[in-house]
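Engineer: can you look at this prediction? I've put the sequence above it.
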Amino acid sequence: MTPPRVRFAPSPTGYLHVGGARTALFNWFYAKHTGGTFVLRIEDTDQQRSTDAHTQVILDGLTWLGVTWDEGPFFQGANNAQHRADAERLLTLGRAYKDYLTAAELEVHRAHAKATGVPFRFTRATMNLSADEVARREAAGAPYAIRFAIPDEEIAWDDAVHGRISWQGRDMDDFIILRSDGTAIYNMAVVSDDIAMRITHVIRGDDHVSNTPKQIALYRALGHAEPIFAHVPMILGADGKKLSKRHGATAVGDYQDMGILPGAMRNFLALLGWSPGSNDEILPEAELIARFDLGHVQKKPAVFDTTKLEWMNGQYLSMLPAAELLDPVRRQLALLGVTTTRDLSPIIEVVKLRSRTITHLAEQVALRVDASRVVRDAKGAALAEKLGPKFASYLELAHSALSAVTPTEWNAAALEPLLKQLAENEGAKLGDIMQPIRVALTGSTVSEPVPELLAVVGRDESLARLAAAS
RNA sequence: GGCGCUAUCGUCUAGUGGCCUAGGACACAGCCCUCUCAAGGCUGGUACACGGGUUCGAAUCCCGUUAGCGCUACCA
């Protein structure tokens, strides 16, 4: 059996949305799993809405996600000669016909149908011009569109995710395949390209199922075997409606900005509409590829749950070594306006366990290297108030005890017993000593264990913050 | 309206006729651990849309109902 050839074919009329990203991912998983080829094709035939900037954003989004293409990117607009040749071949074959009706004339019919409440249907019998009129327009060299003559037969296919889906030709209109300006309409262009690119598996969104019978009819008329179709479900917003701008973040770039790791995004998207058939949730790339199959793709749409994405991102943050987080953290730090020559790895190491996004992680790092970012929050202030004069006196005690520690002994393992001893000497609970220090160093009542915090902030800086707070 | 698709916890899902008084994860609540917060461990509540069949047996198969979604362009 020859290896499969799949394609991802976005139109550059907007950003790369999570739905499209997931479709790309499923194609990519399938290609990698089967040793097939992933073709990237930009469907830019809508001249009005397509832009190079959008194309670039899509390419960047795919790259960020780790989706690589083996061929392309090809631009559909460049293939119009082929599309047109195929459409004209259909004409010669008698499977399509010239339609001299102008768009304006058609609109009259459509408006009439609407006014009378009758659903509009294009029918060869009633819409066609009289033979005389056709001859007259033809002689005058009037422009014409080419319509495909849909056969009155069953068009069914065995969808790789839905199973058998069946349509009747009589329920479909004779759709236009070539505009009067000589450019191809979507369904014609897709079929023409997919044939030319020898695509074997069309994995795309559910919103295309109604295009599929039209495309199959085209394959048959052109004398080509149709590919295998797999229609993957849509992604919905929290309200169960199709994901759109008003749901907030919908583009993959938004999640990148939010501090989501590509690996986490890939894992999360994979599990949205597909499952490995077991209880496993955290699946590294290699595992995803090895286990991916169309048979376990869900038939129903899935709601995009940002909370679970962030949980998963937190899992990735915890298990990734600090070294791999260095670059993304530095980028976020730059956005925060923080520059430092310090080795950030030890800080990232302790802070990543409590972070769900790179953004939050970077803020925590910034707080530890930049004293000016220490601002006492509500709980920190409440603690200081609750302890009253003890707050300052505990800090002074801590300061003097910690001052005795030499720079070489300044590490979490050595600091911990010292602080415990201090609490014991004072007859205070450990928390009574630790919390004021935490507030002095971070402004908040939440952080990594205090000895680690002190170690990470450093001796001189820690002492300075202690002194400033007491 | 027509055609098509879909229907398991709030959400993502396991389930492909008996292993299901329905399993896991996120979220939520409680407890443990503990200097705080996470993480981790334990516990808890919450689901097979409804109605008919088929079968010894149905979340799983069939039919109908209901609901949701998609398409119904010289857009993609």
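Structural biologist: Alright, I've got the coordinates.
Engineer: for RNA strand B, what are the nearby residues on the stretch 1-150 of chain A?
Structural biologist: The stretch 1-150 of chain A comes close to RNA strand B at residues A:11, A:13, A:43, A:45-46, A:49, A:76, A:99, A:101-103, A:106, A:110, A:119-122, A:143-145, as judged by CB under 7 Å from any atom of the strand. In this view, the C-beta of every residue, glycine as well, is placed from N, C-alpha and C.
Engineer: helix or strand with the lowest mean pLDDT in chain A?
Structural biologist: helix A:124-127 (a mean of 69; mean pLDDT, DSSP states H and E).
Engineer: and the residue lying closest to A:His17 once chain neighbours are set aside, how many residues sit next to it?
Structural biologist: Closest residue in space to A:His17, ignoring its immediate chain neighbours: A:Thr250 at 5.1 Å, by CB to CB, 6 or more residues apart in numbering. When neighbours are defined as other CB atoms under 10 Å, A:Thr250 has 22 of them.
Engineer: check A:His162 too.
Structural biologist: Taking other CB under 10 Å as the neighbour definition, A:His162 ends up with a count of 17.
Engineer: with A:Ala398 instead?
Structural biologist: Other residues lying near A:Ala398 total 25 when counted by other CB under 10 Å.
Engineer: touching whichever strand or helix holds it from outside, list them.
Structural biologist: In this structure, A:Ala398 is located in helix A:389-403 according to DSSP states H and E. Outside helix A:389-403, the residues that touch it by CB atoms under 8 Å, 6 or more residues apart in numbering are A:383-384, A:387, A:415, A:418-419, A:422, A:426, A:428, A:432-433, A:436-437, A:440, A:454, A:459, A:462-463, A:466-467, A:469-470.
Engineer: who in the stretch 351-470 of chain A is up against RNA strand B?
Structural biologist: A:353-354, A:416, A:429-431, A:434-435, A:438, A:445-452.
Engineer: now do the contacts for the closest residue to RNA strand B within chain A.
Structural biologist: When CB to the nearest atom of the strand is the measure, chain A has its nearest residue to RNA strand B at A:Pro449, with 2.6 Å between them. If a contact means CB under 8 Å, 6+ apart, then A:Pro449 has A:Ala412, A:Glu416 as its contacts.
Engineer: gap between it and A:Ala413?
Structural biologist: When distances are taken as CB to CB, to the nearest Å, A:Pro449 and A:Ala413 turn out to be 11 Å apart.
Engineer: do the same with A:Pro407
Structural biologist: Summarising the geometry, the distance separating A:Pro407 from A:Ala413, computed by CB to CB, is 15 Å.
Engineer: re the thing from before, what's the overlap in contacts for A:Pro449 and A:Ala413?
Structural biologist: Common contact partners of A:Pro449 and A:Ala413 (CB under 8 Å, 6+ apart): none.
Engineer: does A:Ile289 lie in a helix or a strand, and which?
Structural biologist: For A:Ile289, the secondary-structure element it belongs to, assigned by DSSP H and E, is helix A:285-291.
Engineer: show me what that helix is packed up against.
Structural biologist: Contacts of helix A:285-291 with other secondary structure elements, assessed using 3 or more CB pairs under 8 Å, 6 or more residues apart in numbering; DSSP states H and E, are made with helix A:18-34, helix A:262-270.
Engineer: give me the residues contacting that helix.
Structural biologist: Under the contact criterion CB under 8 Å, 6+ apart, helix A:285-291 has outside partners A:Phe29, A:Lys32, A:His33, A:Gly66, A:Gly263, A:Arg266, A:Asn267, A:Ala270, A:Pro276, A:Gly277, A:Asp280, A:Leu283.
Engineer: after the helix or strand A:Pro451 falls within, which helix or strand is next?
Structural biologist: Assigned by DSSP H and E, A:Pro451 falls within helix A:450-457. Beyond helix A:450-457 on the C-terminal side, the first helix or strand identified by DSSP H and E is helix A:459-469.
Engineer: what angle do that next one and helix A:450-457 make?
Structural biologist: Direction vectors for helix A:459-469 and helix A:450-457, defined by axes from the mean of the first three to the mean of the last three CA atoms, to 10 degrees, enclose an angle of 110 degrees.
Engineer: is A:Pro119 in contact with A:Arg110, as I believe?
Structural biologist: No. With contact defined as CB atoms under 8 Å, A:Pro119 does not reach A:Arg110; the gap is 10.5 Å.
Engineer: neighbour count: those two, which is higher?
Structural biologist: Of the pair A:Pro119 and A:Arg110, A:Arg110 is the one with more neighbours under other CB under 10 Å, namely 12 against 6.
Engineer: name the element the more buried one belongs to?
Structural biologist: Assigned by DSSP H and E, A:Arg110 belongs to helix A:103-115.
Engineer: buried residues in that helix?
Structural biologist: Counting neighbours by 16 or more other CB atoms under 10 Å, one finds that the buried residues in helix A:103-115 are A:Leu106.
Engineer: residues in contact with it?
Structural biologist: Contacts of helix A:103-115 with the rest of the structure, by CB under 8 Å, 6+ apart, involve A:Pro119, A:Phe120, A:Phe122, A:Met127, A:Ser180.
Engineer: stretch A:368-383 too?
Structural biologist: A:338, A:340, A:342, A:344, A:347, A:351, A:366-367, A:384, A:391, A:435-436, A:439, A:441-446, A:453, A:456-457, A:461, A:464-465, A:468.
Engineer: for ChimeraX, write the select line for the buried members of those.
Structural biologist: Buried residues within the contacts of stretch A:368-383, as defined by 16+ other CB under 10 Å, are selected in ChimeraX through the command that follows:
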select /A:338,344,347,351,366,367,384,391,435,436,439,441,442,443,444,445,453,456,457,461,464,465
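Engineer: what distance do you get for the residue of chain A closest to RNA strand B to A:Lys420?
Structural biologist: Using CB to CB, A:Pro449 is found at 12 Å from A:Lys420.
Engineer: also A:Trp167?
Structural biologist: With CB to CB as the criterion, A:Trp167 and A:Lys420 are 75 Å apart.
Engineer: of those two, who's got more company?
Structural biologist: When A:Trp167 and A:Lys420 are compared on other CB under 10 Å, the one with more neighbours turns out to be A:Trp167, at 19 against 14.
Engineer: strands of chain A, residue ranges please.
Structural biologist: Shown for chain A, the strands assigned by DSSP state E span residues A:5-8, A:37-42, A:71-75, A:96-99, A:145-148, A:154-159, A:163-168, A:176-178, A:201-205, A:228-232, A:235-236, A:302-303.
Engineer: in a markdown table, list the ones you listed along with mean pLDDT.
Structural biologist: Below are the strands of chain A laid out as a markdown table (pLDDT from 0 to 100):
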| stretch | mean pLDDT |
| --- | --- |
| strand A:5-8 | 97 |
| strand A:37-42 | 96 |
| strand A:71-75 | 92 |
| strand A:96-99 | 92 |
| strand A:145-148 | 94 |
| strand A:154-159 | 94 |
| strand A:163-168 | 92 |
| strand A:176-178 | 95 |
| strand A:201-205 | 96 |
| strand A:228-232 | 96 |
| strand A:235-236 | 92 |
| strand A:302-303 | 94 |
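Engineer: A:Ile216: which of those strands is closest?
Structural biologist: Of all these, it is strand A:154-159 that lies closest to A:Ile216, at 5.3 Å by CB to CB.
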